[in-house]
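A.B. asks: Got a sequence here, can you build the structure:
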Amino acid sequence: MREDDDRITLPVHVAGSGTLDRLVDTARDYAKASTAENTNKAYAADWKHFARWCRQKGTQPLPPSSEMIGLYLADLAAPTNGSPALSVSTIERRLSGLAWNYAQRGFTLDRKNRHIASVLAGIKRKHARPPVQKEAIQDEDILAIVATLSYDLRGLRDRAILLLGYAGGLRRSEIVSLDVHKDDTPESGGWIEIMEKGALLTLNAKTGWREVEIGRGSKDQTCPVHALEQWLHFAKIDFGPVFVGTSRDGKRALDTRLNDKHVARLIKRTVLDAGIRSELPEKDRLALFSGHSLRAGLQRPPVSDFLPHHAACPLSLP
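C.D. replies: Next up, the predicted model:
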């Protein structure tokens, strides 16, 4: 349990009871679920790093000091101990982590304070780089990409990941967080329903719950729903995470849910194998494509209406 979860307790003037104690446990569970697990880990690491830095400078992280935090940000951008400088985006994430940690401890960090805001503005002005726009995978690209995959168990899984992610415009975290059924696992980020004309995905996205419809394609080789069915059938998955690891020989499905980094690595590898943007050096091609490339072309028009009463962003490949 995280330290901030322990801070959710009964008021000191209220006597505990079985019911109230259970409510405290429930409230702690909700608090733990208030941010994504990866975010929780990152924020915990941010606080640990800042607290260690404070001790090295002969001070304490509590209560918050805008002056010391400004110096901390400067040290991240231009380290005095020879460590590599952090990127602007990482420094901003660190600051967000500190603000969140202070809030959990009952303090407010004023990010607009001049000691913080002016230092951060200077760091951005001096060190920020223009963001690299990731290349969107197009229809012809996804066809070429899935053609590079084998038909062993690992290939069936990766084909389902790519086709489903592309058809639904899914984030890589949404793909790997899917379960077969609702509430199969505590860490589930959604579940699937396979029907005659397609599939309905219910996802716990960044902006709340949403439903995504995916229609069947006219060819099994490029149909996202067929690819999903094939993977679930041959992997013998009928409960828990939809996308899991496989044994080294690629013949057996494991119990462990895939990490979202697998999707990014899969896209980069198959982009190279398919020869997409082959006129560019390999380093540039790898930099152009990422897990977001499945979502980057999301403005394509929807063509499936098999469940017209649901909001959808589907694509049915030819």
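
A.B. asks: what about residue 181, how many residues close to it?
C.D. replies: Applying other CB atoms under 10 Å, we find 13 other residues in the vicinity of residue 181. Any C-beta I mention is one placed from the backbone N, CA and C, and that applies to glycine too.

A.B. asks: Pull the contacting residues for it.
C.D. replies: By CB atoms under 8 Å, 6 or more residues apart in numbering, the contact list for residue 181 reads 191, 239.

A.B. asks: One more: residue 243?
C.D. replies: 157, 160, 161, 175, 176, 178, 231, 257, 258.

A.B. asks: Output those residues in CSV, with neighbour count and secondary structure appended to each entry.
C.D. replies: Output for those, formatted as CSV (neighbours: other CB atoms under 10 Å; DSSP: H, G, I helix; E, B strand; the rest coil):
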residue, neighbour count, secondary structure
157, 29, helix
160, 25, helix
161, 28, helix
175, 26, helix
176, 23, helix
178, 22, strand
231, 24, helix
257, 20, strand
258, 22, coil
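
A.B. asks: So which residue is smack in the middle of the chain?
C.D. replies: Nearest to the mean C-alpha position of the chain, counting by CA atoms, centre = their mean, stands residue 173 at 3.7 Å.

A.B. asks: picking that back up, if we take the contacts of residue 243, which one ends up nearest to residue 247?
C.D. replies: Closest to residue 247 out of the contacts of residue 243 is residue 157 (11.9 Å), distances taken as CB to CB.

A.B. asks: For the residue nearest to the centre of the chain, pull up the helix or strand it's in.
C.D. replies: With secondary structure defined by DSSP states H and E, residue 173 is part of helix 172-176.

A.B. asks: outside of that helix, which residues touch it?
C.D. replies: With contact meaning CB under 8 Å, 6+ apart, helix 172-176 is reached by 36, 161, 164-165, 189-190, 203, 205, 241, 243, 257-264, 291-292, 294.

A.B. asks: pLDDT of the helix with the most length in the chain, averaged?
C.D. replies: Counting by DSSP state H, the longest helix found in the chain is helix 37-56. Averaging pLDDT along helix 37-56 gives 90.

A.B. asks: Which elements pack onto the strand or helix carrying residue 125?
C.D. replies: Using DSSP H and E, residue 125 maps to helix 114-127. For helix 114-127, the packing partners by 3 or more CB pairs under 8 Å, 6 or more residues apart in numbering; DSSP states H and E come out as helix 66-77, helix 88-104.

A.B. asks: ok, and for the first one, which residues are buried?
C.D. replies: Residues of helix 66-77 classed as buried by neighbour count (16 or more other CB atoms under 10 Å): 66, 68, 69, 70, 71, 72, 73, 74, 75, 76, 77.
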